[in-house]
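Novice: no sequence on this one, just coordinates:
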């Protein structure tokens with residue numbers, strides 16, 4: 001399980017809320033908000049890079065009849081949709097975190113503490129599942145470009 005997944009784990013956040021004093025939880029939540037902001041920036045950057053690459057691949061097949069799509073073409077189309085979904089997710093999630101930070105919501109009364117795990121799903125997009133699938137498709141498509149290309153992509157992600 002990645003650090004990003006742990007950060008978005010409901011059980012982990014519930015355990016922190018139950019085991020820490022309100023003041024300690026506030027401090028912890030402030031740190032978690034800073035950390036989730038950094039992870040969201042990384043995800044947004046990676047998705048943007050993949051989206052630009054996949055959009056170029058889509059330009060090569062956009063005039064093809066869908067019934068004649070190869071497996072690669074179908075993967076390009078799926079990756080394009082995932083990238084768009086994740087870019088919308090990133091905008092909404094980053095706006096929410098910005099709001100939390102600007103208004104210092106981690107200092108608000110305990111009942112109004114922001115819940116980092118709520119960011120796991122925004123606009124119907126489960127960031128962990130869709131990001132994982134997008135990176136799997138990107139890895140598969142990059143392998144079709146050659147091993148060196150594939151290795152460089154995996155290093156960057």
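Specialist: Here it is on my side, so go on. Bear in mind that the values here come from a model prediction, so they are computed numbers and not experimental data.

Novice: make it CA atoms for all contacts and neighbour counts henceforth
Specialist: Will do.

Novice: Give the helix, strand or coil label for residue 89.
Specialist: Remark: residue 89 carries the secondary structure label helix [criterion: DSSP: H, G, I helix; E, B strand; the rest coil].

Novice: And the average pLDDT for the longest helix anywhere in the chain is what?
Specialist: For the chain, the longest helix by residue count, based on DSSP state H, is helix 22-61. Here helix 22-61 scores 94 as its mean pLDDT.

Novice: how many neighbours does residue 116 have?
Specialist: If you count neighbours by other C-alpha atoms under 10 Å, residue 116 ends up with 19.

Novice: Equivalent analysis for the one 4 residues further on, please.
Specialist: Close neighbours of residue 120, defined as other C-alpha under 10 Å, add up to 20.

Novice: Same question for residue 104.
Specialist: When neighbours are counted by other C-alpha under 10 Å, residue 104 registers 13.

Novice: which regions of this structure lie under the pLDDT threshold?
Specialist: Segments of the chain classed as low confidence (criterion: pLDDT under 70) are 1.

Novice: before we move on, back to that, give the buried residues for the longest helix of the chain.
Specialist: Using 16 or more other C-alpha atoms under 10 Å as the test for burial, helix 22-61 gives 25-26, 29-30, 32-33, 36-37, 40, 43-44, 46-48, 50-51, 54-55, 57-58, 61.

Novice: just stretch 141-149 next, same as before
Specialist: Taking 16+ other C-alpha under 10 Å as the criterion, stretch 141-149 shows 141, 142 as buried.
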